[in-house]
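> Got a sequence here, can you model it:
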Amino acid sequence: KRRSYQGFRSSCMKTSLLAGTLLVCALCALAQHTTVRPDSSVFFEDFSSPDWQSTWTISKNPKYTGTWRVEAPAPPVAIEGDKGLVAGDAARHHAIVAPLSTPIDNSKDLVVQYEVKLQKGLDCGGAYVKLLSKKDGKTDYTQFSSDDEYTIMFGPDRCGTESKVHFIIRHRNPLTGAISEHHMMPRPPIKNDKNTHLYTLYIKKDNTYSVEIDRQVAKQGSLFSDFEPSINPPKEIDDPTDSKPSDWVDEARIPDADATKPDDWDESEPATIPDTSATKPGDWDEDEPEHIPDPENARPEGWDDEEDGEWIPNTVPNPACEEHGCGKWTAPMIKNPKYKGKWVRPLIDNPAYKGEWKARQIPNPDFFEDPHPHAVSPAINAVGIEIWTMTDSIMFDNFLITHNKKAADEFADKTWALKRDVEKPEADSNEVGYLETMARFAEELFNLVQANPVIAIVTGLALLVPFTLCFFCTGGDNRPTQQEEDDEIMEEDEVAEDVGEEQEEEEVKEVKRTSKGKKEKKPEPIEEAPKKGAAKRKPKKAE
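Predicted coordinates for the structure are as follows:
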């Protein structure tokens, strides 16, 4: 009875868990293949359609020889079937544009968001986008180039040590109609690694803005004060006819004419001197150079010395010098205790000082005040990418222009957040504490339930089915207690022992009957193997 019950319970639990696992896997696959599209979008592109070139126009301008292609990202891939737009060539100009069906309503909040994956890093080049301005009703962008006017330029740009995220507004002067560029300052640095990063520009109706990188605010402020030059010009300017009087003294401090150099002041001593106590290490190799040309940094095929300058390959540390020094050895420099430097007269307050001179202020003849710089003008009618880069395989994905910041955030949670978690370096993930990990999991689970309520409900039911089956398989609260199972085992042992004794008695009687016919023979003791479930006992001798 007990063994039958346990076997049934085990088989039932295995079947239930297997069914639940298959249901969950099926639902996960369904969710993974479900295309998530943002609500209230003015423009959206995730490059999931094979007909993407019906939306995007590749420039045929002869300057732009860089190729464009749509393909899967470099592994690891977080979303099955995911694809992005790739600028395919190094040392090339690339240009592509997607017209909008209707111009953007500039009376509302504006959100511009997209992903960039620098699959090979970024040495020198841009990955920014331009929101193009409609000029003379232009709709043909087959010759799209840097000459086409834009209203907003936004995104990462890097060359050498200069790293910045652009936010540039081209603003129309309401008095003269002239258009001028205004740059957000200072500019935050870009994320220069091979992971997918999310860049978000949020312009609000209250004339404030924020630049976000990976859902974190990198820069925020006012459209009135954070741009150079200022969008609204000053009310007053310096009088160009005014000049500083010849007798005006604006030096607050002057050298002390009465001071003299001390006799023991030695100006010939250098600031640092070689450490005479240092000696060259025994394993130092002066025949090996400390740096060597980078073997992977080959001269680009399209490099033009006249246009691009002389090609100088990058250098990398010599791997032969990892465990010891290389190159010509020189003693390290230390501070010179005798150094005093060039003697100069100490400064004192200038008795003739009048203060800093400033030109007379006059009304600015070009002054205007735009109370709503968030309502950008000229009107935006297309999205374009016009870049030059020394690194190929720059991937763009999930372009989104909307008036709803919450919708943009929710869309990022369904797309970019998945990529972040898969691509996040293992070293960084190890630094995340247990509570932070659980908090992130709970937040993403909440966002997933909000975004996919039907799938969430079905998944919950799928998980409930196997647990319910397991409950009924085990009999709920009617399953035997431990004491009942122990009593059942003892009862089975006693029954088995009684059966064994009865069999032994029958065998003894049979021996007696046989011995009557053959008295000369003594029956041999009979040993029987203990019966299953019975205690092992010593057999009785035949009488």
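
> For Asn318, give its distance to Asp287.
Separation of Asn318 from Asp287 (CB to CB, to the nearest Å) stands at 11 Å. Yep, even glycine has a C-beta here, placed from its N, CA and C like the rest.

> Quick check: closest non-adjacent residue to Tyr199.
Of all residues not flanking Tyr199 in the chain, Gly155 sits nearest, at 5.7 Å (CB to CB, 6 or more residues apart in numbering).

> Across the sheet, point out what pairs with that neighbour.
His166 (DSSP bridges).

> ok so, going back, Asn318 and Asp287 - which one has more neighbours?
Asn318 (15 against 7; other CB atoms under 10 Å).

> and that one, backbone torsions?
When read as degrees, to the nearest 10, the backbone of Asn318 gives phi -70, psi 120.

> my guess is it meets Cys326, correct?
Yes. Using CB atoms under 8 Å, Asn318 is in contact with Cys326, at 5.8 Å.

> what residues do the two have in common as contacts?
Glu288, Pro289, Glu290 (CB atoms under 8 Å, 6 or more residues apart in numbering).

> So the first one sits against Asn318, correct?
Just to be clear, that refers to Glu288. Yes. With contact defined as CB under 8 Å, Glu288 and Asn318 form a contacting pair (6.0 Å).

> Between those two, which contacts overlap?
Overlap of the contact sets of Glu288 and Asn318 (by CB under 8 Å, 6+ apart) consists of Cys326.

> Secondary structure element holding Asp413?
Following DSSP states H and E, one finds Asp413 within helix 405-414.

> What are the buried residues along that helix?
By neighbour count on 16 or more other CB atoms under 10 Å, the buried set for helix 405-414 is Lys405, Ala407, Ala408, Asp409, Glu410, Phe411, Ala412, Asp413, Lys414.

> In a markdown table: these, plus distance to Gly126 and pLDDT.
Below are these laid out as a markdown table (distance: CB to CB, whole Å; pLDDT from 0 to 100):
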| residue | distance to Gly126 | pLDDT |
| --- | --- | --- |
| Lys405 | 25 | 96 |
| Ala407 | 27 | 95 |
| Ala408 | 23 | 96 |
| Asp409 | 26 | 96 |
| Glu410 | 29 | 95 |
| Phe411 | 24 | 96 |
| Ala412 | 22 | 97 |
| Asp413 | 27 | 96 |
| Lys414 | 28 | 95 |
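
> wait, which of those residues is closest to Asn61?
Proximity of these to Asn61 (CB to CB) peaks at Ala408, which lies at 31.9 Å.

> and that closest one, what does it touch?
Taking CB under 8 Å, 6+ apart as the test, what Ala408 contacts is Pro38, Val111, Gln113, Thr200, Leu400, Thr402.

> and the two most separated of those?
Farthest pair in the contacts of Ala408, by CB to CB: Pro38 and Thr200, 12.7 Å.

> Tell me if Ala417 really is in a strand.
No. Counting by DSSP: H, G, I helix; E, B strand; the rest coil, Ala417 is not part of a strand but helix.

> Now for it, how many residues are close by?
21.

> I figured Lys419 was touching Pro75, is that so?
No. Lys419 lies out of contact with Pro75 (CB under 8 Å); the separation is 11.6 Å.

> Just want to know which of those two has more residues nearby.
The neighbour comparison of Lys419 against Pro75 (other CB under 10 Å) goes to Lys419, with 23 against 8.

> What separation is there between the more buried one and Ala72?
12 Å.

> which residues touch the residue nearest to Asn381 when sequence neighbours are not counted?
Spatial nearest neighbour of Asn381, excluding adjacent residues (CB to CB, 6+ apart): Lys134 at 4.0 Å. Going by CB under 8 Å, 6+ apart, Lys134 touches Pro103, Pro378, Ala379, Ile380, Asn381, Ala382.

> Now with 7 Å, please.
Pro103, Pro378, Ala379, Asn381 (CB atoms under 7 Å, 6 or more residues apart in numbering).

> from the chain's centre, how far out does the helix holding Asp413 sit?
From the chain centre to the centre of helix 405-414 is a distance of 16 Å (CA atoms, centre = their mean, to the nearest Å).

> can you dump the C-alpha coordinates of that helix into CSV?
The C-alpha atoms that make up helix 405-414 are tabulated as CSV, following Å, rounded to 0.1, in the frame of the first residue of the first chain:
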residue,chain,number,x,y,z
LYS,A,405,7.9,60.3,-22.3
LYS,A,406,6.2,57.5,-20.3
ALA,A,407,5.6,55.6,-23.5
ALA,A,408,9.3,56.0,-24.5
ASP,A,409,10.4,54.7,-21.1
GLU,A,410,8.0,51.7,-21.2
PHE,A,411,9.2,50.8,-24.7
ALA,A,412,12.9,51.0,-23.5
ASP,A,413,12.0,48.6,-20.7
LYS,A,414,10.7,46.1,-23.2
